[in-house]
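Participant: can you look at this prediction? I've put the sequence above it.
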Amino acid sequence: MRIAVTGSIATDHLMTFPGKFTDQLIADKLDKVSLSFLVDDLAIRRGGVAANIAFGLGVLGLQPLLVGAVGADFDDYRHWLEEHGVRTAGVRESLLRHTARFVCTTDSDGNQIGSFYAGAMAEDAEIKVASLAAEHGGIDLVIIGAGDPAAMVVHTTECRRAGLKFAADPSQQLARILDDEQVRALVDGAEYLFGNEYEEALIERKSGWTSAEILARVKVRITTLGPGGARVEQSGQPPVHVPAVPDAQPVDPTGSGDAFRSGFLAGVAWGLSRQRCAQLGNLMAVHALEATGPQEYNLKPGPLTDRFAAAYGPAAAAEVAAHLPA
């Protein structure tokens, strides 16, 4: 199955401040804040929704095509992704902007001050998905991940016109998309619609469609439930609830939702049942959850199969193991 992944490609610059932000704030001077924090640590992590999903698909052997705009500073990141099975021929290098970047400082209480620089991501809408499909022997599924809102609408519209199947994953950009018509445009006709419980409710409120009406407009709706696992729904069929992997040891939640999507869609590519797809998604999510950074987990077929068997039984594990890369 030939999968293209659109959405954000970014690096995260994460810093730690040993004190408390609140101790540095003066109540009657909040209209003139001027602060600088001496931090103890800097961790630079590869991220971005599209890159995270593509990474997961890559290590599962799917060789996805990553689609998005980056800056001239992308070379090291490009090599990393290619080493992990991601095709980067759909990545366009901007002549003017740097790769998108998230800079965040966390204090000792877990409070955060962050800034997101969109950079080259602002040029995503200029990339033509249909042209890439023609150049690369066709695309069976386009994942419209969270990125530049205008580009998300453009890519979705282009998929409809070109007859390309697409998966809708608006996730954190739902808050930015103020036009209800845009929300409907991103969802209507999707093969797969991804979201968590809050995003599920937000899509319903912004679209003006009930849950039943959305199910009538998409083929499959997948809702992640955190520690509750995942729910898979299809119109006219009873929902499938898949419990989470037990005994997870959370380290960093960043990118766990993206890892879920890569696992679920890998299962789709392998022709597995909806239940198996969600089980694999849960297992991939745990791999990301137990690592620091969304692309720092190691995927080894033996341990993955053993943990799959412990969570969902040996028969389920055997079905998935048959498709894992050596």
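Facilitator: Perfect, I can see it now.

Participant: element containing residue 4, please.
Facilitator: Following DSSP states H and E, one finds residue 4 within strand 3-6.

Participant: tell me where the model's unsure across the stretch 101-250 of the chain.
Facilitator: Along the stretch 101-250 of the chain, the parts satisfying pLDDT under 70 run over 176-178.

Participant: show me where it has helices.
Facilitator: For the stretch 101-250 of the chain, the helices defined by DSSP state H, counting those that start in this stretch cover 129-135, 149-162, 180-187, 197-207, 211-217.

Participant: just checking, what packs against the last one?
Facilitator: The contact analysis (3 or more CB pairs under 8 Å, 6 or more residues apart in numbering; DSSP states H and E) places helix 211-217 against helix 197-207. Any C-beta I mention is one placed from the backbone N, CA and C, and that applies to glycine too.

Participant: packing partners for the helix it packs on?
Facilitator: Helix 197-207 sits against helix 180-187, strand 192-196, helix 211-217, strand 220-224, with contacts defined as 3+ CB pairs under 8 Å, 6+ apart.

Participant: and the longest one, what's buried?
Facilitator: Of the residues in helix 180-187, those scored as buried under the neighbour-count criterion (16 or more other CB atoms under 10 Å) are 182-187.

Participant: kindly report the same for stretch 72-81.
Facilitator: For stretch 72-81, the neighbour count (16+ other CB under 10 Å) marks 74, 77-78, 81 as buried.

Participant: got JSON lines for those, with distance to residue 118 too?
Facilitator: Listed next are the buried residues of stretch 72-81 as JSON lines, based on distance: CB to CB, whole Å:
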{"residue": "74", "distance to residue 118": "15"}
{"residue": "77", "distance to residue 118": "16"}
{"residue": "78", "distance to residue 118": "19"}
{"residue": "81", "distance to residue 118": "20"}
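
Participant: for those residues, give me CSV that also has distance to residue 267, pLDDT and secondary structure.
Facilitator: CSV is the format used below for the buried residues of stretch 72-81 (distance: CB to CB, whole Å; pLDDT from 0 to 100; DSSP: H, G, I helix; E, B strand; the rest coil):
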residue, distance to residue 267, pLDDT, secondary structure
74, 30, 96, helix
77, 27, 97, helix
78, 27, 97, helix
81, 22, 98, helix
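
Participant: nearest to residue 324 among those?
Facilitator: Checking these against residue 324 with CB to CB, the nearest one is residue 81 at 19.7 Å.

Participant: that closest one and residue 309: what is the separation?
Facilitator: Residue 81 is 30 Å from residue 309, where distance means CB to CB, to the nearest Å.

Participant: quick revisit: okay, the helices and strands packed on helix 197-207 in JSON lines with distance to residue 98 next?
Facilitator: JSON lines is the format used below for those (distance: least, CB to CB, whole Å):
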{"stretch": "helix 180-187", "distance to residue 98": "27"}
{"stretch": "strand 192-196", "distance to residue 98": "28"}
{"stretch": "helix 211-217", "distance to residue 98": "37"}
{"stretch": "strand 220-224", "distance to residue 98": "31"}
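
Participant: so which of those gets nearest residue 53?
Facilitator: Using CB to CB, those put strand 192-196 closest to residue 53, at 9.8 Å.

Participant: residues making contact with that closest one?
Facilitator: Strand 192-196 has contacts (CB atoms under 8 Å, 6 or more residues apart in numbering) with 167-171, 187, 202-203, 214, 218-226, 257, 261, 264-265, 268.

Participant: the same query, at a cut-off of 7 Å, please.
Facilitator: Applying CB atoms under 7 Å, 6 or more residues apart in numbering, the contact partners of strand 192-196 are 167-169, 171, 187, 203, 218-224, 257, 261.
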